[in-house]
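**Student:** coordinates only, sequence not included:
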């Protein structure tokens, strides 16, 4: 039975990988030009640790992404204020005092659970990656200490699939665990011989690729308390383990993760448009212009020179304030003292074009909207105008907010 389960998981993983592969190169570019420390891709999914933003000479997109994430956090799931209300399907029940009291107490308990867990940190990561990469799944699991524990999964480490209603119902992950983590969590019974050998040799921190699959359980039985009969099955296995072994198989009565997407086109599983992709062209050209500006400034500061061959033997004093004496200079029509060189590139036009591209990136990430109230003169703004500005933000993000709410 376990060999059949393992075979099915690996077979579906292969199919999901083929469906995801066209998006990888775009996500890598968005990572390189926006959030260089995010993402686990084929080239580095087994190498943990931070990456440098080697392609970033102008960090405007990263700053705009930070503003977008903070703005969505404060506007949708703010940890500083109640951001949801509970109600009943029957509006008449809301007229009863006991029902009102129960809903109020339940809301307070839920907000307390969110505050004590890592929910808000995880949601901030979600808002940042959904803007930069189009989607981000977050696992929400039961936890003994904090009731819930959220696990955000960065781009490139997961595979998604949708059901007949085009809602995401499947999450496959590929990630790394150390030998110690595997033994502590799953025990030795179903662990591969290769991992047990590493354990016996004391190589506790050796990394091992793991696959975690969460998907609808085709053999579920309604009302059964057994994990194998639940609505969703959860399977852990070593990617390179024994042919007939899995580490663990469990289940969930409800889908234990969320996977909102920014904008979907037709039957696409992954987002087809999002700020990171929409601004990628402007962002890449912005880096080129930033380099050009620095080159122009460098030429002004230390330009290439041309001089009479007589200077090769006599030398030239290029230190600030230094003077080089050249015979026959009066004959050139420039008696007295004159600068050795005069380089004056048109930096103003280049700087203006850079600002225009930065403004476009701000608009793609809605940073201009989120910063609108901050940048306004608060002495001249009314509460009504602030409410109108917030409503404008919601209008611009309407379709995204609807998917997030779902």
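**Tutor:** Arrived safely, thanks for sending. All figures in this text were calculated on a predicted structure; none of them were measured in a lab.
**Student:** Residue 172 contacts residue 137, correct?
**Tutor:** No. With contact defined as C-beta atoms under 8 Å, residue 172 does not reach residue 137; the gap is 10.0 Å. To be clear about C-beta, it is placed using only N, CA and C from the backbone, and glycine gets the same treatment.
**Student:** which residues are in contact with both of the two?
**Tutor:** Common neighbours of residue 172 and residue 137 are listed as 158, 160 (criterion: C-beta atoms under 8 Å, 6 or more residues apart in numbering).
**Student:** Helices along the stretch 151-300 of the chain, start to end?
**Tutor:** Secondary structure of the stretch 151-300 of the chain, counting by DSSP state H, counting those that start in this stretch: helices at 179-186, 193-200, 275-278, 280-301.
**Student:** Of those, flag the one that's most buried.
**Tutor:** Among the helices of the stretch 151-300 of the chain, ranked by average contacts under mean count of other C-beta atoms under 10 Å, first place goes to helix 275-278 (a mean of 25).
**Student:** Can you give the contact residues for it?
**Tutor:** With contact meaning C-beta under 8 Å, 6+ apart, helix 275-278 is reached by 26, 30, 34, 61, 64-65, 68, 131-134, 262, 271, 364-366.
**Student:** same question, stretch 279-290
**Tutor:** Contacts to stretch 279-290, defined as C-beta under 8 Å, 6+ apart, come from residues 26, 29-30, 33-34, 55-58, 60-61, 64, 350, 353-354, 357-358, 360-361, 364-365.
**Student:** quick one: residue 262 from residue 81, how far?
**Tutor:** Per C-beta to C-beta, to the nearest Å, residue 262 is found 25 Å from residue 81.
**Student:** for residue 89, same thing?
**Tutor:** Using C-beta to C-beta, we find residue 89 at a distance of 26 Å from residue 81.
**Student:** for residue 60, same thing?
**Tutor:** Counting by C-beta to C-beta, the gap between residue 60 and residue 81 amounts to 30 Å.
**Student:** next one: residue 199
**Tutor:** 49 Å.
**Student:** In terms of neighbours, single out the busier of residue 262 and residue 81.
**Tutor:** A count of neighbours by other C-beta atoms under 10 Å puts residue 262 above the other of residue 262 and residue 81, at 26 against 7.
**Student:** Burial check on the nearest residue in space to that one that is not next to it in sequence, number of neighbours?
**Tutor:** Spatial nearest neighbour of residue 262, excluding adjacent residues (C-beta to C-beta, 6 or more residues apart in numbering): residue 274 at 3.8 Å. Residues near residue 274, counting by other C-beta under 10 Å, number 23.
**Student:** Would you map the strands across this structure?
**Tutor:** Along the chain, counting by DSSP state E, strands occupy 138-143, 147-152, 158-162, 168-178, 207-216, 232-238, 248-252, 257-258.
**Student:** among those strands, which is the most enclosed?
**Tutor:** Buried most deeply of the strands of the chain, by mean count of other C-beta under 10 Å, is strand 232-238, with a mean of 22.
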